[in-house]
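>>> This is the structure alone, sequence omitted:
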């Protein structure tokens, strides 16, 4: 079978979580090139948000995607606050970090579970999902929902932590540490996991810089573009943490970056809980959004999320545009895939932590 | 000439009805055990039996661009018949003597290759790209693991001959071990046993050899275009293959009997089979899968080396 042929993966395929279509050009078992076709879940959200007012749009942006559902309204709110010139209370800054980091850890663990599934290690997948379940419990207890937290609002946050909830969070995070360490050991040491992920889907540092990839994908190639670090927002510059970088440039490095970031999220949340000042959590009354435009950037679990908002003095935005991290990774896939085996197509695709519903919105 | 008892052994016990049902139950047990190891609930024990019944009533679809429609249709039958024949020649120690023919060990080599051949035949005839990739992997792996099997088989035959040539009768191998102790307790045979277990995992396509029908890229692989009764036949073949391999493992390495009573020995055989399946599911649940090139490299070195060690020990020690 040395003749070149094409293998369709998608739009609906067992290995894919969301609909996207890869036309994989193969020579024997080796990938030569890959065509990516998308647009199967376009919902016209950018047009929809123009018909709703600023408060309703917090709800709509949250529905863009489930795994980074906290970051969409968060970034949108930051942009709107910039237009309105709102300074949020100090306590809200810390509360926003807590919601963000809990979502980040849960999202990373989900991706890693999928990766374990794709290398045929289903026990590891269930183990990772069980670990993630602790975070799901936390989300359900504190925010009342397992996916959409609805934590932020224009001018602050919608939730507060009392003494009982703070203790609960501390306990749960403590409970999370041991299984997380165990997972880290398995992904770093296990021979079979190593054989399937090391040297697979290489994205050299130069290519990562050239293609402008973001998030853990870039940090796995030793490129620091963590928005929390280079363009700090809310309370991130007041906390003690370092950007996680790995030098392997392969699927394994991206996994290790995610696992270490999940561990770091625990430490960040604990710091927030300790250092959080007392005070109000949000501004009183409805804000007035004047005419103007603004951009905001945050570090979503998948990478840099970018929002542009333009208002004209009415209660509805005139234009709302967002750029999601996965969009920057499409082209990077064409660097990662060629030269690898068919069996790794889905694995490499998963390693960029794709979010199709964000990208096509 | 076929006698009535031959037909009975082929259709009811130990072949036919008993083997298919017990095989499907073992498959169900394996699924539950793996699920429990992974912290899931798993399907009901009878799920595979239900599946077989359900598929019997489903429409049989033959793809329009199947490259060879006749091969596509007879492939599942080939594997099924081969496994039925295999189970009817295998002796169950203390219960059933097998055919007793002096060369049935050689016949076994051919019969055991039939399910893989039927997969390859059906997959390549179905005209699907997924099947084509899956078939190419299956062929690659088959060449690698069959070598191990043949070396182990001759090692066992030579060891049962006890220095006076090889015993190519399954009954002879069983009888020798019943008298002289099981080969699994023989240090010379331990490497061969490990090699055989690797062969067994590779044939059954459980992790680390879940490659030819790896759902992450080729979905169902060679079964991609199958539906209805042919698919049910493939499932039953898989169940029979599990049973046949477990029985062969018992014949080669642990045919010990539990007394003179047939009922008791049958019970002992069932318990041993369930125990082996439990070990297989533990391995299944605790390993990731190789890629096909890695699996080939592994199969061409480790199990072959292990079985050769045993062969040399048996010949020269």
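Done, it's in. Please read all numbers here as calculations on a predicted model, not as lab measurements. Residues are numbered from 1 along each chain as shown, chains lettered A, B, ... in the order given.
>>> interface residues of chain A facing chain B?
By CB under 8 Å from any CB of the partner chain, the residues of chain A that approach chain B are A:1, A:5-9, A:13-15, A:29, A:116-127, A:130, A:190, A:192-193, A:195-196, A:341-347. In this view, the C-beta of every residue, glycine as well, is placed from N, C-alpha and C.
>>> Kindly write the ChimeraX command that selects the buried subset of the residues you listed.
Under the burial definition 16 or more other CB atoms under 10 Å in any protein chain shown, those of the residues of chain A next to chain B that qualify are selected in ChimeraX by:
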select /A:7,9,13,15,29,116,117,118,119,120,121,122,123,124,125,126,127,190,192,193,195,196,341,342,343,344,345,346,347
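>>> Can you pick out the ones from the residues of chain A next to chain B that are in strands?
Members of those lying in strands (criterion: DSSP state E): A:5, A:6, A:7, A:8, A:9.
>>> Could you point out which of those residues is nearest to chain B?
Nearest to chain B among these, counting by CB to the nearest CB, is residue A:7 at 5.4 Å.
>>> Do you know the pLDDT at the closest residue to the closest one other than its chain neighbours?
With sequence-adjacent residues excluded and distances taken as CB to CB, 6 or more residues apart in numbering or on different chains, residue A:7 is closest to residue A:24, at 4.6 Å. As summarised for this prediction, residue A:24 has a pLDDT of 84.
>>> Contacts only, for residue A:24.
Residue A:24 makes contact with A:6, A:7, A:8, A:9, A:31, A:34, A:337, A:342, A:345 under the criterion CB atoms under 8 Å, 6 or more residues apart in numbering or on different chains.
>>> got the residue ranges for the strands in chain B?
Going by DSSP E, chain B shows no strands.
>>> need the residues of it near chain A, please.
B:34, B:37-40, B:129-130, B:132-133, B:136, B:207-208, B:210-211, B:214-219, B:285-294.
>>> Mind checking which of the residues you listed land in helices?
B:34, B:37, B:129, B:130, B:132, B:133, B:136, B:285, B:286, B:292, B:293, B:294 (DSSP state H).
>>> Are any of those buried, and if so which?
Among those, those that count as buried by neighbour count (16+ other CB under 10 Å) are B:34, B:37, B:130, B:132, B:133, B:136, B:285, B:286, B:292, B:294.
>>> for the closest residue to the third one other than its chain neighbours, what are its contacts?
The spatial neighbour of residue B:130 that comes closest, neighbours along the chain excluded (CB to CB, 6+ apart), is residue B:218 at 4.4 Å. The neighbourhood of residue B:218, defined by CB under 8 Å, 6+ apart, consists of A:342, B:130, B:131, B:133, B:134, B:212, B:224.
>>> ok, now which ones touch the closest residue to the third one other than its chain neighbours?
Distances taken as CB to CB, 6+ apart put residue B:123 closest to residue B:131, at 4.0 Å, once the chain neighbours are dropped. The contact partners of residue B:123, taken as CB under 8 Å, 6+ apart, are B:131, B:132, B:134, B:135, B:138, B:221, B:222, B:223, B:224.
>>> Mind pulling the model confidence for residue B:123?
Per the predicted model, pLDDT is 84 at residue B:123.
>>> try residue A:65
pLDDT at residue A:65 comes out at 82.
>>> measure it to residue A:19 for me?
14 Å (CB to CB, to the nearest Å).
>>> Settle it for me: which of those two has more neighbours?
Neighbour totals were compared for residue A:65 and residue A:19, and residue A:65 leads with 23 against 16 (other CB atoms under 10 Å in any protein chain shown).
>>> mind checking the SS state of that one?
Of the three states, residue A:65 takes coil under DSSP: H, G, I helix; E, B strand; the rest coil.
>>> try the one 4 residues further on
Of the three states, residue A:69 takes coil under three-state DSSP.
>>> Hmm, it is touching residue A:58, no?
No - if you go by CB atoms under 8 Å, residue A:69 and residue A:58 don't touch, sitting 11.3 Å apart.
>>> What ranges does the chain have for its helices?
Picked chain A for this. Applying DSSP H to chain A gives helices spanning A:45-48, A:54-62, A:71-84, A:90-118, A:122-143, A:163-189, A:191-197, A:205-211, A:215-219, A:227-230, A:251-275, A:325-336, A:345-351, A:356-360.
>>> that's the wrong chain, I meant chain B
Going by DSSP H, chain B shows helices at B:4-11, B:16-37, B:47-56, B:69-89, B:104-125, B:129-161, B:170-180, B:190-204, B:228-253, B:262-286, B:292-316.
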